[in-house]
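Undergrad: Sequence and predicted structure below; questions after.
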Amino acid sequence: MKHFTSVTQLGDLKDAFAAAKYVKEHPFADKALGENKTLLLVFFNNSLRTRLSTQKAGLNLGMNVIVLDVNQGAWKLETERGVIMDGDKSEHLLEAIPVMGCYCDLIGVRSFARFESKKDDYEEVILNQFIQYSGKPVFSMEAATRHPLQTFADMITIEEHKKTAKPKVVMTWAPHPKALPQAVPNSFAEGLNMTDYEFVIANPEGYDLAPEFVGKAKVTHNQDEALEGADFVYAKNWSAYEGDNYGKVLNQDRNWTVSKEKMALTNNAYFMHCLPVRRNMIVTDEVIEAPTSLVIPEAANRVVSAQTVIKKLLQDNY
Ligand code: CP
């Protein structure tokens, strides 16, 4: 594996879960692998879990870790080629990226969808420039269209908690006041399509995801119907993908909030969310605080997913 930008690059899922289990049980076994190697984590957007878990993963592997918040303390970066740089942006990404590459052996990048151009977002312009110009292995810490380290952690969590070989997993849209990217639901759908689980996506009309991510999932606009018999409920908000509505909030329908009444429709399902979550918009207090809530185990598994991926990148590239 040269770069890691999608869960599909994990290859055989059985092997990936076994590699993750080994990392979880032996977090310091590969400390020599990262010795004298530097991990650079570049954030164009805020983060709590990704920032801490990926640093922890690098440290567990014996790496030196540098974190760069592009919008705090670095020169303001221009990302468009051909622009006359007479404004407030002092440096171009096309110089900044190879410079960053000089200072590290592995680069993690967080760069969300900007909602300025659906084409640019879905072509992953920023992430691909890092891959093209850094000269180093690059992995996504959430890009415009995918959040593969989150999805891998979610899939590990489901694997650890499933009570049947083929559980019913429902990913449901839930309301949120601000426009959020489709990266987490796209990526989760991509990952679940690699399994033989029953996978259902529930969202209001107007919120269908891109068909290449929906894949073989059943899509319904009826949340109650979707939740019937579910073993796992994965809640997430996303903004509209389709047509001119791309990046827009079409409604904040609180009938889609995951409540105790909604969870009563399920097969005593586990509740999942990648966090951060807006309580009593996405999910009620009592559901997220219930013993069946997996939000903290998911977050804990972010170290495992990051460490498994970084370990593989080190093994395959050095
Ligand atoms: N789930 C997740 O990626 O959290 P952060 O945005 O806090 O990193």
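TA: Ah, there it is.

Undergrad: for the strand or helix carrying Gly108, packing partners?
TA: Element membership for Gly108 (DSSP states H and E) is strand 106-110. On a contact count with 3 or more C-beta pairs under 8 Å, 6 or more residues apart in numbering; DSSP states H and E, strand 106-110 meets strand 38-43, helix 125-133, strand 138-140, helix 295-317. For every residue, glycine as well, the C-beta is placed using N, CA and C.

Undergrad: For it, output the C-alpha coordinates as CSV.
TA: Only the C-alpha atoms of strand 106-110 are listed here, as CSV (Å, rounded to 0.1, in the frame of the first residue of the first chain):
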residue,chain,number,x,y,z
LEU,A,106,4.7,9.9,6.2
ILE,A,107,2.0,12.5,5.9
GLY,A,108,-1.6,12.4,7.2
VAL,A,109,-3.9,15.1,5.7
ARG,A,110,-7.3,16.4,6.9
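
Undergrad: Would stretch 45-61 count as contacting the ligand?
TA: Yes: with C-beta under 6 Å from any ligand atom as the measure, stretch 45-61 is seen reaching the ligand through Ser47, Leu48, Arg49, Thr50.

Undergrad: out of those residues, which is most surrounded?
TA: Thr50 (23 neighbours; other C-beta atoms under 10 Å).

Undergrad: Show the subsequent helix or strand relative to the strand holding Gly108.
TA: Past strand 106-110, the next helix or strand by DSSP H and E is helix 118-122.

Undergrad: buried set for that following helix?
TA: By neighbour count on 16 or more other C-beta atoms under 10 Å, the buried set for helix 118-122 is Lys118, Asp120, Asp121, Tyr122.

Undergrad: Show me where the stretch 151-300 of the chain dips below the pLDDT cut-off.
TA: Filtered on pLDDT under 70, the stretch 151-300 of the chain yields no residues whatsoever.

Undergrad: what does the stretch 101-250 of the chain have sitting close to the ligand?
TA: Residues of the stretch 101-250 of the chain lying near the ligand (C-beta under 6 Å from any ligand atom): Glu142, Gln150.

Undergrad: Where does whatever residue of the stretch 101-250 of the chain ends up closest to the ligand sit, in terms of helix or strand?
TA: The minimum distance from the stretch 101-250 of the chain to the ligand, using C-beta to the nearest ligand atom, falls at Gln150 (5.2 Å). Using DSSP H and E, Gln150 sits within helix 148-161.

Undergrad: Convert the C-alpha atoms of that helix to CSV, please.
TA: What follows is helix 148-161, C-alpha atoms only, in CSV (Å, rounded to 0.1, in the frame of the first residue of the first chain):
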residue,chain,number,x,y,z
PRO,A,148,-11.4,5.9,6.0
LEU,A,149,-9.7,5.8,9.4
GLN,A,150,-13.1,6.5,11.0
THR,A,151,-14.8,3.8,8.9
PHE,A,152,-12.2,1.2,9.8
ALA,A,153,-12.6,2.0,13.5
ASP,A,154,-16.4,1.7,13.1
MET,A,155,-16.1,-1.6,11.3
ILE,A,156,-13.7,-3.0,14.0
THR,A,157,-16.3,-1.9,16.6
ILE,A,158,-19.1,-3.7,14.8
GLU,A,159,-16.9,-6.8,14.5
GLU,A,160,-16.2,-6.7,18.2
HIS,A,161,-19.9,-6.3,19.2
